[in-house]
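> Task: produce atomic coordinates for the following.
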Amino acid sequence: MIKINLVTVGKLKEKYWRDAVSEYSKRLSAFCKLEMIELNEYRLSDSPSEKEILSALESEGTAMAKYTDGNGVYNIALCIEGKQISSEELSAKMEECGTRGYSTINFIIGSSFGIAQSVKKKCDLKLSMSRMTFPHQLARVVLLEQIYRGFQISNHSKYHK
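Purely as a prediction, here's the structure:
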């Protein structure tokens with residue numbers, strides 16, 4: 001069974017987001033071993049300089065390295081410059097990871113300032129959910145739904161219509 005990690009910066013504060021994540025986590029348990037990894041968000045001043053932002057991103061990136069480095073890991077960064085793909089393409093990519101011998105797929109969601117370049121360079125795929133901007137909490141829920149949908153597509157379920 002493949003392992004899926006959601007490596008995220010920050011915690012879900014509102015109960016309704018945690019409930020949605022819990023629901024998809026329960027559904028996904030039939031298809032994968034899911035782990036939610038919530039890293040601490042680096043605290044910035046109210047008007048951070050570019051240097052302060054880059055330093056924060058690198059600190060967050062250092063914390064991510066524990067999960068992104070290693071053999072058998074396929075890393076996917078969610079970022080605005082990433083490629084937009086369909087649900088079917090995501091399903092095929094996850095299937096391909098399994099057949100190519102990857103034991104873990106990491107989906108990486110950074111802070112509101114993004115993901116460190118050092119982390120993006122390690123990623124096998126840069127993925128954009130949309131050209132629109134979403135709150136990071138909603139992005140987690142949408143991503144989990146798409147991962148669930150991907151497994152349903154692979155299993156020829158009626159869930160995906």
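> Name the SS class of the residue in the chain sticking out farthest from the centre, please.
What lies farthest from the middle of the chain is Ser47; by C-alpha atoms, centre = their mean that is 27.2 Å. Using DSSP: H, G, I helix; E, B strand; the rest coil, the structure places Ser47 in coil.
> tell me which element the spatially most central residue of the chain falls in.
With distances taken as C-alpha atoms, centre = their mean, the residue of the chain nearest its centroid is Phe107 (2.7 Å). Phe107 belongs to strand 104-109 when assigned by DSSP states H and E.
> next SSE after that strand?
helix 117-122.
> and that following helix, which residues are buried?
Going by neighbour count (16 or more other C-beta atoms under 10 Å), the buried part of helix 117-122 is Val119, Lys120, Lys122. Heads up, the C-betas are built off the backbone N, CA and C, glycines and all.
> what does stretch 17-28 give?
Using 16+ other C-beta under 10 Å as the test for burial, stretch 17-28 gives Trp17, Arg18, Ala20, Val21, Tyr24, Ser25, Arg27, Leu28.
> rewinding a little: neighbouring strands for the strand holding Phe107, and are they parallel or not?
The strands that strand 104-109 pairs with in its sheet are strand 3-9 (parallel), strand 73-83 (parallel) (by DSSP bridges).
> how far does that strand sit from the chain's center?
Counting by C-alpha atoms, centre = their mean, to the nearest Å, strand 104-109 is centred 5 Å from the centre of its parent chain.
> Stretch 30-39 now?
Remark: stretch 30-39 is offset 10 Å from the chain centroid, using C-alpha atoms, centre = their mean.
> Other residues contacting that stretch?
With contacts defined as C-beta atoms under 8 Å, 6 or more residues apart in numbering, stretch 30-39 is touched by 1-12, 21, 25, 28, 60, 63-64, 67, 147-148, 151, 155.
> 7 Å instead, please
Residues outside stretch 30-39 that contact it (C-beta atoms under 7 Å, 6 or more residues apart in numbering) are 1-11, 21, 25, 28, 60, 63-64, 67, 151.
> measure Gly61 to Val7 for me?
For Gly61, the distance to Val7 (C-beta to C-beta, to the nearest Å) stands at 11 Å.
> again, but for Ser87
Going from Ser87 to Val7 by C-beta to C-beta gives 21 Å.
> Of those two, which one has the most company?
Val7 (24 against 15; other C-beta atoms under 10 Å).
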